[in-house]
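**Q** 3D, please:
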Amino acid sequence: MKVAVVGSTGMVGQVMLKVLEERNFPITELIPVASEKSIGKKVKYKQEEFTIVSMNDAIAAKPEIAIFSAGGGTSLEFAPLFAEAGTTVIDNSSAWRMDPTKKLVVPEINADVLRKEDKIIANPNCSTIQLVMVLGPLNKKYDLKRVIVSTYQSVTGTGKAAVDQLNSEIKGEDAEKVYPYQIFKNALPHCDVFADDDYTKEEIKLMKEPKKILGDDTFNLTATAVRVPVQGGHSESVNIEFENEFDLDEVRKILSETPGVVVMDNVKNNEYPMPLYSEGKDEVFVGRIRRDLSQPKTLNLWIVADNLRKGAATNAVQIAEYLVENNLV
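**A** From the prediction side, this is the model:
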């Protein structure tokens, strides 16, 4: 089993290697790929050092699986070339997500859509993944009508330079600004770039991707995405209106029985999900589960997950595991 990790020196790429190692993914040959300036450098995996190679060398090696986390432009250019060579690509960028010919997958929710002929598989947006892990099982039971999500997103979602900006600002040092403003002691209602309708790209992803993953476009969804001075873990305040009535204890039971979801919901003991707690973990944590008192059949809850792990690397590796277990590669 040859596996290429494209973007292996980046923030998500590094976590990808860590997750592959932790989960003991059956790799016989690791092929790390990065930008031109990194070719020849080494990355560490399972106490061994592997030399970073060029994209063309990786394609020529014909790996069974290539996991991409190198940005949309790179994916659009090179994922089809890997696919033509017979490699199955799992892509972490937004390049292929809304392409009607490509599957968008969160394994616990819709891995069963995958087929052997799927040579480019899209990994959803980090904020989308944790959201659908909760929406999926509740939609099956109560039928979603409308979802309102407000996100509180960590700087790691932007990348290493954003983490450097935050840490420099904390120390009172000058930093190269990735954001248009200071992020320390601040909150920016501005994740990614603004589109013509005044929504950000992040908000648009949150509004479109869940419908594709759930295979259901009968409900409405709106989003506001906010960047906060947190180093690891995205949080979401979610208001869900259902077509059918629900019982709170049953909601907790459904979520606690959903693989990959942990219910942390004991306000008497101040137990609720926090990014500080989720960092370094693979589960999606949900709490503050309560009725919306302003209208019927409506629920409020709070969802937190590590955006580099379940929001990116772990989800991609879980897709790869599913492909191997089901003989799809």
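**Q** backbone phi and psi for the nearest residue to Lys62 once chain neighbours are set aside, please?
**A** Nearest residue to Lys62, sequence neighbours excluded (CB to CB, 6 or more residues apart in numbering): Ala85, at 5.3 Å. Every residue, glycine included, has its C-beta placed from N, CA and C. Dihedral angles phi and psi of Ala85 (degrees, to the nearest 10) take the values phi -80, psi 0.
**Q** What is the burial count for Ala85?
**A** For Ala85, the count of nearby residues is 15 (other CB atoms under 10 Å).
**Q** ok, which stretches of the stretch 51-200 of the chain are strands?
**A** Taking DSSP state E, counting those that start in this stretch, the strands of the stretch 51-200 of the chain run over residues 65-68, 88-91, 103-104, 120-122, 144-153.
**Q** what's the pLDDT at Glu209?
**A** Listed pLDDT for Glu209 reads 98.
**Q** Sticking with it, tell me its helix or strand.
**A** Using DSSP states H and E, Glu209 maps to helix 201-214.
**Q** Could you check how far that helix is from the centre of its chain?
**A** Centroid separation for helix 201-214 versus its chain: 12 Å, with CA atoms, centre = their mean, to the nearest Å.
**Q** ditto for stretch 253-261
**A** For stretch 253-261, the distance to the chain centre is 19 Å (CA atoms, centre = their mean).
**Q** So what touches it?
**A** For stretch 253-261, the external contacting residues (CB atoms under 8 Å, 6 or more residues apart in numbering) are 108, 133-134, 136-138, 141, 262-263, 282-286, 289, 310.
**Q** Let's test this: mean pLDDT of that stretch, rounded?
**A** If you average the pLDDT over stretch 253-261, you get 98.
**Q** How about stretch 308-315?
**A** In this model, stretch 308-315 has an average pLDDT of 97.
**Q** Could you list the buried residues of it?
**A** 308-315 (16 or more other CB atoms under 10 Å).
**Q** on that earlier part again, could the strands of the stretch 51-200 of the chain go into JSON lines alongside mean pLDDT, distance to Val193 and mean neighbour count?
**A** Formatted as JSON lines, the strands of the stretch 51-200 of the chain follow (pLDDT from 0 to 100; distance: least, CB to CB, whole Å; neighbours: other CB atoms under 10 Å):
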{"stretch": "strand 65-68", "mean pLDDT": "98", "distance to Val193": "21", "mean neighbour count": "29"}
{"stretch": "strand 88-91", "mean pLDDT": "98", "distance to Val193": "20", "mean neighbour count": "25"}
{"stretch": "strand 103-104", "mean pLDDT": "98", "distance to Val193": "21", "mean neighbour count": "21"}
{"stretch": "strand 120-122", "mean pLDDT": "98", "distance to Val193": "20", "mean neighbour count": "25"}
{"stretch": "strand 144-153", "mean pLDDT": "98", "distance to Val193": "15", "mean neighbour count": "20"}
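**Q** now the ones you listed as TSV including distance to Ser35?
**A** Below are the strands of the stretch 51-200 of the chain laid out as TSV (distance: least, CB to CB, whole Å):
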stretch	distance to Ser35
strand 65-68	13
strand 88-91	17
strand 103-104	26
strand 120-122	21
strand 144-153	25
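**Q** List phi and psi for the residue nearest to Glu202 when sequence neighbours are not counted.
**A** Excluding the flanking residues, the one nearest Glu202 by CB to CB, 6+ apart is Cys191, at 3.7 Å. When read as degrees, to the nearest 10, the backbone of Cys191 gives phi -110, psi 120.
**Q** I'd guessed Cys191 sits against Gly157; true?
**A** Yes. Cys191 is within contact range of Gly157, at 7.3 Å (criterion: CB atoms under 8 Å).
**Q** Find residues that contact each of these two.
**A** Here Cys191 and Gly157 have Arg227 as joint contacts, going by CB under 8 Å, 6+ apart.
**Q** so how many other residues sit close to Asn244?
**A** By the criterion of other CB under 10 Å, Asn244 has 10 neighbours.
**Q** I meant to write Gln47 there.
**A** 6.
**Q** any idea of the pLDDT on it?
**A** pLDDT, Gln47: 89.
**Q** Would you mind measuring from it to Ile121?
**A** Look at Gln47 and Ile121: by CB to CB, to the nearest Å, they are 30 Å apart.
**Q** mind listing the strands for the stretch 201-329 of the chain?
**A** For the stretch 201-329 of the chain, applying DSSP E, counting those that start in this stretch gives strands covering 220-227, 234-242, 261-263, 284-291, 298-305.
**Q** out of the buried residues of stretch 308-315, what pair is the most spread apart?
**A** Farthest-apart pair in the buried residues of stretch 308-315 is Leu308 and Asn315; separation 10.6 Å (CB to CB).
**Q** could you pull out the helices for the stretch 1-150 of the chain?
**A** Assigned by DSSP state H, counting those that start in this stretch, the helices in the stretch 1-150 of the chain fall at 11-22, 55-60, 72-84, 107-110, 126-142.
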